[in-house]
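> missing the sequence, but the structure's below:
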């Protein structure tokens, strides 16, 4: 009987060991299955992420190309606008220089005209002063001639035989 117990104990021990191993194997298989599912999910997620990143990268490259083209067009447009403004400035500057030269010429003509008018005014003033002085000298001289009774202002002798005429001084002006 003892052999029977030992045999049964050994069988139970083997059975328990097999049962433990079977449970451990089942647990391991479940863990392996879980790990396989996790790996598959990670691979799927990885593929989705890669696909998203490729799509996003392509979108970014398209945007980059769009912005580079826009930048080139904008730079070209601004350069054209700058060239137009520079040409306009050059034309305006040339026009300004031309008008400045024309203004200087006109100003010179005006200055010459003023100088000529001033000379004419001085000549007129001098002629008027000379006329006034001449008249004054002539008046003085006539006064002397009249007072001294010289020249046409002398007393004439009366001629006998003519009646009705009074002798007098001719052309004598009244003194004021």
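The structure has been received and is ready for your questions. Not measured: the values here are computed from a predicted model.
> contact partners of stretch 63-78?
With CB atoms under 8 Å, 6 or more residues apart in numbering as the test, stretch 63-78 has no contacts from any other residue. Glycine gets a C-beta too; all of them are placed from N, C-alpha and C.
> what about it, distance to the chain center?
For stretch 63-78, the distance from its own C-alpha centre to the chain's C-alpha centre is 26 Å (CA atoms, centre = their mean, to the nearest Å).
> could you do stretch 125-139 as well?
Computed by CA atoms, centre = their mean, the chain-centroid distance of stretch 125-139 equals 64 Å.
> looking at that stretch now, give me its mean pLDDT.
The average of the pLDDT scores along stretch 125-139 is 96.
> go on, stretch 94-104?
Averaged across stretch 94-104, the pLDDT comes to 96.
> same question for stretch 149-159.
Throughout stretch 149-159, pLDDT has a mean value of 75.
> what comes up buried for that stretch?
Judged by neighbour count (16 or more other CB atoms under 10 Å), stretch 149-159 contains these buried residues: residue 153.
> make residue 1 into 23 and carry on from there
All set: I'll call the first residue 23, so the last point we hit is now stretch 171-181.
> give me the distance from that stretch to the chain's centre.
92 Å.
> then stretch 70-83?
In this view, stretch 70-83 has its centroid 47 Å away from the chain centroid, taken as CA atoms, centre = their mean.
> also stretch 36-51?
In terms of CA atoms, centre = their mean, the centre of stretch 36-51 is found 92 Å from the chain centre.
> again, but for stretch 142-161
The answer for stretch 142-161 is 61 Å, by CA atoms, centre = their mean.
> and for stretch 104-122?
Taking CA atoms, centre = their mean, one finds stretch 104-122 lying 12 Å from the centre of the chain it belongs to.
> show me what counts as buried in that stretch.
By 16+ other CB under 10 Å, stretch 104-122 has no buried positions at all.
> residues in contact with that stretch: which ones?
So stretch 104-122 is contacted by nothing (CB under 8 Å, 6+ apart).
> what segments of this protein are helices?
Along the chain, counting by DSSP state H, helices occupy 24-170.
> can you give me every residue that contacts the residue lying farthest from the centre of the chain?
No residue in the chain sits farther from the centre than residue 23, which is 121.0 Å out by CA atoms, centre = their mean. Residues in contact with residue 23 (CB under 8 Å, 6+ apart): none are found.
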